[in-house]
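J.: Would you be able to build a 3D model of this:
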Amino acid sequence: MPANAQISALRDQIARIESGGKRARGVLPFGIEAVDRKVPGGGLALGALHEVAGGGNGAVHGAAAALFAAGIAARTSGQVLWCMTRRDLFAPSLAQAGLHPDRVIFAEVGEEKAVLACMEEGLRHGGLSAVVGELTRLPMVASRRLQLCAEESGTFALAIRRWRRMTEAADFGQPTASVTRWRVTALPSAPLPVPGVSRARWLVELIRARAGDCADFELEACDDAGRLALPAELANGPADTDTRRIGAVA
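T.: The predicted structure is shown next:
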């Protein structure tokens with residue numbers, strides 16, 4: 001058997017073991033071949049937990065991570081539960097990323113323990129297309145509970161990791177039960193030949209993928225359908241830096 005086929009078979013076996021033999025529920029592709037080929041299964045696994053964080057503790061990068069999550073949730077079909085502790089979510093921005101406020105149930109709670117409980121209840125409900133929660137810390141036990149609830153109901157789960165201080169960001173490196181982990185950093189937009197601001201750009205990093213590799217992508221931000229895009233100068237060439245890190249297979 002060729003080496004590539006052996007690696008692919010090994011990844012499939014790892015995925016089956018980690019899922020406990022549960023039936024796969026399909027994936028949500030990004031629609032960009034250069035990205036989807038780096039994500040195990042060709043897209044984000046449905047009925048699973050995924051993590052997203054900004055590339056720093058600044059508001060700009062945190063907003064980019066929230067819009068990245070909103071674009072993903074927008075491409076599911078149905079109502080979305082968004083759980084948070086801070087009253088700073090700007091609904092019109094979510095709409096620009098494809099997630100119209102009419103589709104979102106906003107749940108503002110007092111503390112992060114309540115966010116986790118709210119997410120768990122939303123995932124157990126089974127009638128939502130996605131559950132999003134804003135969290136500073138995500139302990140392994142809590143993430144495992146969310147992952148199991150998502151697997152049982154088939155509901156898409158997104159944990160947006162937020163922090164005010166860089167010391168809190170250290171928790172993002174701790175292991176969790178999430179299937180993928182992403183980091184989104186705002187980049188300068190491309191210059192225009194006329195006065196104005198062009199489409200926002202992000203550095204999107206897949207920093208952990210269960211049974212997969214890490215990768216970096218420079219992409220244009222979500223449009224009003226929740227879809228990312230390759231910058232024009234990269235559309236006919238490689239979209240990622242192909243920076244693979246040791247220990248990327250999880």
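J.: give the contact list for residue 63.
T.: Taking Cβ atoms under 8 Å, 6 or more residues apart in numbering, we find residue 63 in contact with 54, 93, 186. Quick note: C-beta positions are derived from backbone N, CA and C, even for glycine.
J.: Next step: those residues restricted to strands.
T.: 54, 186 (DSSP state E).
J.: from the contacts of residue 63, which is closest to residue 60?
T.: The closest of the contacts of residue 63 to residue 60 turns out to be residue 186 (Cβ to Cβ; 4.8 Å).
J.: right, and the closest one touches residue 62 too?
T.: No: using Cβ atoms under 8 Å as the test, residue 186 is too far from residue 62 to be in contact (9.5 Å).
J.: confidence score at residue 41?
T.: You'll see residue 41 listed with a pLDDT of 93.
J.: which SS class is residue 113?
T.: Following DSSP: H, G, I helix; E, B strand; the rest coil, residue 113 is assigned to helix.
J.: Look at the residue nearest the centre of the chain and tell me its secondary structure.
T.: By Cα atoms, centre = their mean, the chain has its centre lying nearest to residue 52, at 4.6 Å. Following three-state DSSP, the label given to residue 52 is strand.
J.: if I pick it, what's in contact with it?
T.: 65, 68, 69, 158, 159, 160, 161, 181, 182, 183, 184.
J.: about what we covered before: most surrounded residue in the contacts of residue 63?
T.: residue 54 (26 neighbours; other Cβ atoms under 10 Å).
J.: I figured it was touching residue 62, is that so?
T.: Yes: here residue 54 reaches residue 62: they are 4.2 Å apart, a contact under Cβ under 8 Å.
J.: thinking again about what came up before, ok, so of the contacts of residue 63, who is nearest residue 35?
T.: residue 186 (18.1 Å).
J.: Against residue 203, how distant is that closest one?
T.: 8 Å (Cβ to Cβ, to the nearest Å).
J.: partners of residue 229 in the sheet?
T.: residue 220 (DSSP bridges).
J.: looking at it, it is touching residue 223, isn't it?
T.: Yes: using Cβ under 8 Å, residue 229 is in contact with residue 223, at 7.0 Å.
J.: between these two, what contacts are shared?
T.: Common neighbours of residue 229 and residue 223 are listed as residue 199 (criterion: Cβ under 8 Å, 6+ apart).
J.: Okay, now stretch 90-104: how far is its last residue from its first?
T.: End-to-end span of stretch 90-104 (Cα to Cα, to the nearest Å): 12 Å.
J.: what comes up buried for it?
T.: For stretch 90-104, the neighbour count (16 or more other Cβ atoms under 10 Å) marks 94, 95, 96, 97, 98, 99, 103, 104 as buried.
J.: Much appreciated, bye for now.
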